[in-house]
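*Asks:* Everything below, folded, please.
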Amino acid sequence: GAANMRRPPPSRGFLFLADPPGSCQNHDMITVIIATHNSAATLSATLGSLVPAAVDGLVREVLIVDTGSIDQTLRIADGAGADVVPVSGPRAHALIVGAQRARFSWLLFVNPDCALAPGWEREAEAVIARTQSGRSPDTAAVFRYEVDDDGAGPRITEALTNLAGRALGVAHGEQGLLVSKSLYTDVGGYKPMPMLEDIDLTRRIGRSRLIRLRSAALSHRRADRSLGYGARALRHCACMVLYALNVPLDRIARFSGQPATA
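*Replies:* Coordinates of the predicted model:
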């Protein structure tokens, strides 16, 4: 089965850089793209969750596209063997640059605040194998959203976020996104937006082509404790609904308290 496919192990680093062109078949391999900005507090856990897939050879390239970090983000990325790409501008621009730089035919966008749950690579590999074999049309996949904290607030946040995403047929950035480069290109990729770029992209991918994996993306955003988990979840779900209703971004930004321009 797909989970039993094995590839040459990485030759260097904890997450190593991609092999030279022509050294292996790359049609079923992944470039991971992580847009960072002062992400040192959580980046190690995020990169650590990629190790099993790197050892197995599924993940062959990790791009840290950084928008001006002044903490230890770049040191952590370099120590992991990731390829650091410095850029300026908003997160959406970083994701666009990462996709343009990617050398392999599957893209995995991961939020630096989120670690993928053990075993995620088996589900991802099964999605890739079905697509490559022609048994299913070109699809994308997102992870189930979870919060790394105890109590009712995190559970409410998880439930509301996952329910709203399913109801609207979209996903937000903390759920990650696995997508073939061909499908990403066909739907137009990320757009240079000041916010909601993940919701915009997954809406264009479409409900019928967006698989929701059982594996979780575990958020380590401790800031939500002080902001109030339930309030943040309601605000985020409201933003998704407003965007689905084609409310202008500047109005959504004012509602959410985020800047409307980069």
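
*Asks:* Strands along this structure, start to end?
*Replies:* Listed from the start of the chain, the chain has strands (DSSP state E) covering 30-36, 59-66, 83-86, 106-109, 114-116, 140-147, 177-180, 210-219.

*Asks:* What is the neighbour count of the closest residue to residue 30 other than its chain neighbours?
*Replies:* Excluding its sequence neighbours, the residue lying closest to residue 30 (CB to CB, 6 or more residues apart in numbering) is residue 106, at 4.5 Å. Quick note: C-beta positions are derived from backbone N, CA and C, even for glycine. Residue neighbour count, defined by other CB atoms under 10 Å, stands at 29 for residue 106.

*Asks:* What's opposite residue 106 in the beta bridge?
*Replies:* Residue 106 has these beta-bridge partners by DSSP bridges: residue 30, residue 180.

*Asks:* need the contact list for it.
*Replies:* 28-31, 128, 178-181 (CB atoms under 8 Å, 6 or more residues apart in numbering).

*Asks:* Which of those sits closest to residue 86?
*Replies:* residue 31 (17.5 Å; CB to CB).

*Asks:* check contacts around that closest one.
*Replies:* Residue 31 touches 18, 59-63, 98, 102-104, 106-108, counting by CB under 8 Å, 6+ apart.

*Asks:* Select only the buried ones of those residues in ChimeraX?
*Replies:* To isolate the buried ones among the contacts of residue 31 in ChimeraX, judged by 16 or more other CB atoms under 10 Å, type:
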select :18,59,60,61,62,63,98,102,103,104,106,107,108
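
*Asks:* and which of the contacts of residue 31 is nearest to residue 172?
*Replies:* Using CB to CB, the contacts of residue 31 come closest to residue 172 at residue 108, 15.7 Å.

*Asks:* per-residue confidence at the closest one?
*Replies:* Predicted confidence (pLDDT) for residue 108: 98.

*Asks:* Also the one 5 residues further on?
*Replies:* Note on residue 113: pLDDT of 95.

*Asks:* what's the answer for residue 189, then?
*Replies:* So residue 189 comes in at 98 (pLDDT).

*Asks:* isn't it right up against residue 97?
*Replies:* No: applying CB atoms under 8 Å as the test, residue 189 and residue 97 come out as separate, 11.0 Å apart.

*Asks:* ok, now which ones touch residue 251?
*Replies:* So residue 251 contacts residue 242 (CB under 8 Å, 6+ apart).

*Asks:* Do me a favour and get the end-to-end distance for stretch 181-194?
*Replies:* 23 Å (CA to CA, to the nearest Å).

*Asks:* To clarify, my last question referred to stretch 200-217.
*Replies:* With CA to CA as the measure, what separates the two termini of stretch 200-217 is 20 Å.

*Asks:* swap in stretch 68-81?
*Replies:* 19 Å.

*Asks:* what is the rounded mean pLDDT of it?
*Replies:* 96.

*Asks:* cool, and stretch 248-262?
*Replies:* Rounded mean pLDDT across stretch 248-262 is 71.

*Asks:* So residue 145 versus residue 31, what's the distance?
*Replies:* Separation of residue 145 from residue 31 (CB to CB, to the nearest Å): 23 Å.

*Asks:* and if you look at residue 170?
*Replies:* Distance, residue 170 to residue 31, using CB to CB: 23 Å.

*Asks:* got the contacts of residue 31 as a markdown table, with distance to residue 245 columns?
*Replies:* Conversion of the contacts of residue 31 to a markdown table gives the following (distance: CB to CB, whole Å):
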| residue | distance to residue 245 |
| --- | --- |
| 18 | 41 |
| 59 | 37 |
| 60 | 40 |
| 61 | 38 |
| 62 | 37 |
| 63 | 34 |
| 98 | 30 |
| 102 | 33 |
| 103 | 38 |
| 104 | 37 |
| 106 | 32 |
| 107 | 29 |
| 108 | 30 |
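
*Asks:* By pLDDT, rank the contacts of residue 31 and give me the bottom one.
*Replies:* Minimum confidence in these sits at residue 18, scoring 47.

*Asks:* Perfect, I'm done here.
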